[in-house]
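Asks: Model the structure of this input:
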Amino acid sequence: MLATLFLFLTGCRTASVPESVASQLPANDPDAQIEFWHELGTKPITCNDDAFHGLLIYLDGDDKSESYTARVDNLKSRGLLAGNFDAPPTQAVNRGTLGVAIARALRIKGGVMMRATNAAPRYAVRELMYEGVYPPSSPNQTFSGAEFLGVMGKMEDWQRVQRGDAVEVPAAELPGEGGG
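Replies: Reported below is the predicted structural model:
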């Protein structure tokens with residue numbers, strides 16, 4: 001009874017961070033980008049600002065946006081974020097919201113339900129799990145910094161396979177200590 005009363009009085013809140021890494025390290029030179037990725041990897045929560053900054057760096061090689069609002073506008077203009085997206089910059093990124101952006105950026109068509117729902121968060125997450133880009137999860141979960149970095153790496157792996165660049169050779173057959 002006491003726990004129920006506590007939950008009723010405090011309510012459920014979405015996790016957030018005090019300040020985004022992107023706001024602390026906004027520069028676009030290669031050293032600043034490396035520092036951004038390194039610092040983000042140590043964070044227990046990835047916020048919207050950091051996820052969108054990282055996604056733009058991944059897609060464009062840099063993020064020319066001067067602010068979170070500019071990042072959101074950039075992603076909306078590309079159709080990667082819903083037109084009504086209005087979450088604050090320091091709120092924990094939602095796997096579903098990011099999943100839609102990633103699926104659209106990678107041009108993943110998905111199955112019947114994903115196509116019928118215009119890549120609804122649930123189906124985008126499920127398709128990204130199927131494609132090996134996302135770990136098993138739900139659309140309402142968030143990412144730690146390290147998990148987000150892992151997803152960025154999986155995006156690159158997925159694109160390499162699509163381009164035919166992937167090398168599918170067992171380690172035992174590679175030159176060096178393990179093989180040949």
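
Asks: Next SSE downstream of the lowest-mean-pLDDT helix or strand in the chain?
Replies: Using mean pLDDT, DSSP states H and E, helix 2-10 stands out as the lowest-scoring helix or strand of the chain, at a mean of 47. Note on helix 2-10: by DSSP states H and E, the next helix or strand toward the C-terminus is helix 21-24.

Asks: what kind of secondary structure is the closest residue to N28 other than its chain neighbours in?
Replies: Once flanking residues are discounted, N28 sits nearest to D62: 4.2 Å by CB to CB, 6 or more residues apart in numbering. Yep, even glycine has a C-beta here, placed from its N, CA and C like the rest. Here D62 is recorded as coil under DSSP: H, G, I helix; E, B strand; the rest coil.

Asks: Can I get stretch 63-74 in CSV, CA atoms only?
Replies: The C-alpha trace of stretch 63-74 is given here as CSV (Å, rounded to 0.1, in the frame of the first residue of the first chain):
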residue,chain,number,x,y,z
ASP,A,63,26.9,17.8,-37.4
LYS,A,64,26.7,21.4,-38.6
SER,A,65,23.7,22.1,-36.3
GLU,A,66,24.3,24.9,-33.8
SER,A,67,21.8,23.6,-31.3
TYR,A,68,19.5,20.8,-30.3
THR,A,69,16.6,22.5,-32.0
ALA,A,70,18.6,22.7,-35.3
ARG,A,71,19.4,19.0,-35.0
VAL,A,72,15.7,18.1,-34.5
ASP,A,73,14.7,20.4,-37.4
ASN,A,74,17.4,18.7,-39.6
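
Asks: From the chain's centroid, how far away is it?
Replies: In terms of CA atoms, centre = their mean, to the nearest Å, the centre of stretch 63-74 is found 16 Å from the chain centre.

Asks: quick check: mean pLDDT across it?
Replies: Over the span of stretch 63-74, the pLDDT mean works out to 95.

Asks: and N48, how far is that from V112?
Replies: Noted for N48: a distance of 30 Å to V112, by CB to CB, to the nearest Å.

Asks: Same drill for those two, tell me which one is more crowded.
Replies: N48 (27 against 8; other CB atoms under 10 Å).

Asks: Phi and psi next, for the more buried one.
Replies: phi -60, psi -50 (degrees, to the nearest 10).

Asks: Enumerate every residue touching it.
Replies: Under the criterion of CB atoms under 8 Å, 6 or more residues apart in numbering, the contact list for N48 reads Y68, A87, P88, P89, T90, Q91, A92, V93, T97.

Asks: now with 6 Å?
Replies: Going by CB atoms under 6 Å, 6 or more residues apart in numbering, N48 touches A87, P89, Q91, V93.

Asks: That's all I had, so thanks and see you.
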